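1. Sequence and computational prediction follow.
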Amino acid sequence: MADPARAARLADRIKVIVAQALERRVKDPRLGFVTLTDARVTNDLQHATVYYTVYGDDAEAAETRRALESAKGILRSEVGRNITARLTPTLEFVPDEVPVNASHLEELLRTAKERDAEVATLAAEQKYAGEPDPYRRKEDTDDAGASDE
């Protein structure tokens, strides 16, 4: 097993190599505006997972996925040339779900903020059923007792 720090360094290096290869070597027209967001390598340095996002709709994302799968061999050979590991790790491309999850969370927070504003408006318009302060205080009883005498 390799050192986890070495695996992290190798993952960063693989991300850079794959990004450069996508820019320079892969000329697939199906490849849309793709951004590599992260790369992870197993501790035995045998498998690398590259996370990516695609700017565009679902059809463009599907085309980009097919383009990455077809260019996997070229990208792996490029990684093998540029790293100093004994074996070249296999590459797996996975769409990154972080932006989708982040937009969903932002939507939930926006909805919660709107509901909080509605509750605050309703609370500001409410009136007390009885007196605003229904509790007796010592000052109130002293004033009432002094007037009785």
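-> Noted; the coordinates are in hand. Numbers count the residues shown, from 1 in each chain.
2. what about stretch 136-148, average pLDDT?
-> The average pLDDT for stretch 136-148 rounds to 65.
3. how about the residue nearest the centre of the chain, what does it touch?
-> Centroid-nearest residue in the chain: V98, 2.9 Å away (criterion: C-alpha atoms, centre = their mean). Listed by C-beta atoms under 8 Å, 6 or more residues apart in numbering, the contact partners of V98 are T37. All C-beta atoms are positioned from the backbone trio N, CA, C, and that covers glycine.
4. what's the spacing between it and D28?
-> 25 Å (C-beta to C-beta, to the nearest Å).
5. Repeat that for L36.
-> L36 sits 16 Å away from D28, going by C-beta to C-beta.
6. Ok, V119 next?
-> Separation of V119 from D28 (C-beta to C-beta) stands at 53 Å.
7. Which of these two has more residues huddled nearby?
-> D28 (15 against 10; other C-beta atoms under 10 Å).
8. Quick check: chain neighbours aside, which residue is closest to that one?
-> Residue nearest to D28 in three dimensions, not counting chain neighbours: A67, with 4.2 Å by C-beta to C-beta, 6 or more residues apart in numbering.
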